[in-house]
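Asks: Need a 3D model of the sequence below.
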Amino acid sequence: MNIINELLFKTNAVRVAPAQEPFWYTSGKLGPFYINTHFLAKDEQTANEMLTYIENHNPKEIEAKFENLYNTDSTYKTTIDELIKVIENTTSTSYREGRGATFSFRWFPQNFWESSTLPYTKTNPLS
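Replies: Numbering: from 1, shown residues only. So this is what the prediction gives:
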């Protein structure tokens, strides 16, 4: 099992519906399980607090809050680090050379800019 799968279970993000009571998905379909991926922001309580924070604060404050979470919680840090690895391993050569679509790195941790192997991300464009 990969680390993200482990974290989904560790944070209780995976919910299985009771027998005869399937979940209604937003698509209108029924399903036997639901995955609360936002729980990867540490746990259910923290995820819900972060969603409320997002609704009530400006982008700079939100960015600082998520950066603090990255620096203090191993679950969230691991999730973001794994996401960065996937992006670095799946972007095309033309994309890596800056000829592809624009991608926003706003929510990546500050140290990403120094450690990334992507050639066009050596400086934080938000600085």
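Asks: shaky segments in this protein?
Replies: Within the chain, the segments meeting pLDDT under 70 span 1, 91-127.
Asks: For it, which segments count as helices?
Replies: Taking DSSP state H, the helices of the chain run over residues 3-10, 44-56, 59-72, 74-90, 93-96, 111-115.
Asks: Buried ones in the first one, by neighbour count?
Replies: By neighbour count, with 16 or more other CB atoms under 10 Å as the criterion, the buried positions of helix 3-10 are 7-8. Heads up, the C-betas are built off the backbone N, CA and C, glycines and all.
Asks: Run the angle between that helix and helix 74-90 for me.
Replies: Interaxial angle, helix 3-10 versus helix 74-90 (axes from the mean of the first three to the mean of the last three CA atoms, to 10 degrees): 150 degrees.
Asks: Contacts for helix 3-10, please.
Replies: 13-14, 35, 37, 39-40, 75, 78-79, 82 (CB atoms under 8 Å, 6 or more residues apart in numbering).
Asks: Mind doing that once more with 6 Å?
Replies: 14, 40, 75, 82 (CB atoms under 6 Å, 6 or more residues apart in numbering).
Asks: Please compute how far that helix lies from its chain's middle.
Replies: 13 Å (CA atoms, centre = their mean, to the nearest Å).
Asks: hang on, the earlier thing: so can I have TSV of the contacts of helix 3-10 showing distance to Tyr53?
Replies: TSV is the format used below for the contacts of helix 3-10 (distance: CB to CB, whole Å):
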residue	distance to Tyr53
Val14	24
Leu40	16
Thr75	17
Glu82	23
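Asks: quick revisit: among the helices of the chain, which is nearest Glu21?
Replies: In terms of CB to CB, the element of the helices of the chain nearest to Glu21 is helix 44-56, at 20.1 Å.
Asks: Could you list every helix and strand that the closest one packs against?
Replies: If you count contacts as 3 or more CB pairs under 6 Å, 6 or more residues apart in numbering; DSSP states H and E, helix 44-56 packs onto no helix or strand.
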